[in-house]
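Novice: Generate coordinates for the sequence data below:
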Amino acid sequence: MARIGFVGLGNMGLPMAQNLIKAGHQVEGVDVSRASVEKLTAAGGVAVATHKIAAARGDVVITMLPSGKEVREVYLGAGGIVENANPGTLLIDCSTIDVETARAVAAAAEARGLLMLDAPVSGGVTGAAAATLTFMVGGSTQAFTRALSILGHMGKTIVHAGGPGNGQAAKICNNMILGISMIAVSEAFVLAEQLGLDHQKLFDISSKSSGQCWALTAYCPVPGPVPASPANRDFAPGFTAAMMLKDLKLSQDAAGSTGANTALGAEAARIYSRYVESGEAGRDFSGIIRFIRG
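Specialist: Below is the predicted model of the structure:
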């Protein structure tokens, strides 16, 4: 079993690290939150003071950080992971960040003789806890092959999307689809309400018809049809509106840099921006239906 440094023990990182401990790995955790580190040690992990120490000691280093800024700092800054990891160490960044940063970090890691993957995830906190995440992985075949046994303890679906940065590319494209489709599903339910059509009737029809999509059948934004959806819990977050907005902005930054036409993605970003600004940043992203209702 591997010694794994895990940097970033937030809502996603902590259960991911705990699943690695359950699988028998020695996990050494780093986080700014003392409470999160204490939860890791209670599960059998080890606390280390800095990511520099985790990098120097680990066979594998995994990061789950808020944005590209933190990823650059932790990997490339003074005392960073790239500078302190031993040659041959496998580095896996599970953060959702911009493609440019992912490729810059990968290039710096390769120059130091390190194996680097960008491996953002889909599945939310529930998937992290249940070890059923989907990993979208960018990097070399050698690094991907070595990482499979590690990622398999945290996720159910692991896809090699191509070279460095392609995991991030897949993630932001996927979440642009999700953001757009959640707005579309929400608009349909709001229209159904105005027309006097019952929620369950619309669900029963659309879930078996051409309107079928994940936002409807797995994460329905009205109470009742899908008992596990946040709509049944006052939209307590699995994936917050702020996180969705972050990903939509990443998609639009990428569209701007490549010249891609993403008109619906741009409009989805504007709608989620207004929703977040209304004070709902911490609400689940499916709560956008409440904003659409007005």
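
Novice: When you work out contacts or count neighbours from here on, use the C-alpha atoms and nothing else.
Specialist: Fine.

Novice: buried sites along stretch 3-23?
Specialist: When neighbours are counted by 16 or more other Cα atoms under 10 Å, the buried residues of stretch 3-23 are found to be 3-21.

Novice: swap that for stretch 190-197, please
Specialist: Val190.

Novice: same check, this time on stretch 196-204
Specialist: Buried residues in stretch 196-204 (16+ other Cα under 10 Å): 199, 202-203.

Novice: Relative to Ile180, which of those residues is nearest.
Specialist: Phe203 (18.2 Å; Cα to Cα).

Novice: and that closest one, what element?
Specialist: In the assignment (DSSP states H and E), Phe203 maps to helix 199-206.

Novice: Over to Val37?
Specialist: helix 34-42.

Novice: From the rest of the structure, what touches that helix?
Specialist: Residues outside helix 34-42 that contact it (Cα atoms under 8 Å, 6 or more residues apart in numbering) are 9-10, 14, 17-18, 29-31, 46-47.

Novice: Could you identify the helix or strand that succeeds it?
Specialist: Immediately after helix 34-42, counting by DSSP H and E, sits strand 46-47.

Novice: Confirm for me that Ala241 is in contact with Ile271.
Specialist: No: with contact defined as Cα atoms under 8 Å, Ala241 does not reach Ile271; the gap is 10.7 Å.

Novice: Between those two, which has more neighbouring residues?
Specialist: Neighbour tally, Ala241 and Ile271, criterion other Cα atoms under 10 Å: the higher count belongs to Ala241, 24 against 19.

Novice: separation between that one and Val125?
Specialist: 14 Å (Cα to Cα, to the nearest Å).

Novice: Tell me the bridge partners for Thr157.
Specialist: Thr134 (DSSP bridges).

Novice: what about it, distance to Leu20?
Specialist: Per Cα to Cα, Thr157 is found 16 Å from Leu20.

Novice: Next up, the contacts around Asn84.
Specialist: Contacts of Asn84 (Cα under 8 Å, 6+ apart): 52, 55-56.

Novice: Of these, which is the most crowded?
Specialist: Comparing the contacts of Asn84 on neighbour count, Ala55 comes out first with 29 neighbours (neighbours: other Cα under 10 Å).

Novice: got a list of what that one touches?
Specialist: Contacts of Ala55 by Cα under 8 Å, 6+ apart are 5, 61, 81-82, 84-86.

Novice: Repeat the analysis, applying 6 Å as the threshold.
Specialist: With contact set as Cα atoms under 6 Å, 6 or more residues apart in numbering, Ala55 has these partners: 81, 84-85.

Novice: And the pLDDT at the closest residue to Ala281 other than its chain neighbours?
Specialist: By the measure of Cα to Cα, 6 or more residues apart in numbering, the closest residue to Ala281 outside its immediate chain neighbours is Ala242, 4.7 Å from it. With respect to pLDDT, Ala242 scores 96.

Novice: Let me know the distance separating Ala242 from Met176.
Specialist: Going from Ala242 to Met176 by Cα to Cα gives 14 Å.

Novice: In terms of neighbours, single out the busier of these two.
Specialist: Met176 (26 against 20).

Novice: Now do the contacts for that one.
Specialist: Neighbours of Met176 in contact, by Cα under 6 Å, 6+ apart: 248, 265.

Novice: how about a cut-off of 10 Å?
Specialist: 170, 182, 244-245, 247-252, 262, 264-266, 268-269 (Cα atoms under 10 Å, 6 or more residues apart in numbering).

Novice: top of these by neighbour count?
Specialist: These, ranked by neighbours (other Cα under 10 Å): first place Leu248, 29 neighbours.

Novice: Would you map the helices across the stretch 51-200 of the chain?
Specialist: Ranges of helices in the stretch 51-200 of the chain, per DSSP state H, counting those that start in this stretch, are 51-57, 68-76, 81-84, 99-111, 124-130, 141-151, 166-195, 199-206.

Novice: domain parsing for this structure?
Specialist: Using automatic domain parsing, the domain parsing of the chain gives 3-162, 169-293.

Novice: for Phe285, phi and psi?
Specialist: phi -60, psi -20 (degrees, to the nearest 10).

Novice: Could you report the pLDDT at Val82?
Specialist: 98.

Novice: can you check Asp284 too?
Specialist: pLDDT, read off for Asp284, is 96.

Novice: For it, what are phi and psi?
Specialist: phi -60, psi 150.

Novice: That one bridge partners, please.
Specialist: Taking DSSP bridges, one finds Thr240 as the beta-bridge partners of Asp284.

Novice: Could you report the neighbour count for it?
Specialist: Count around Asp284 with other Cα under 10 Å applied: 24.
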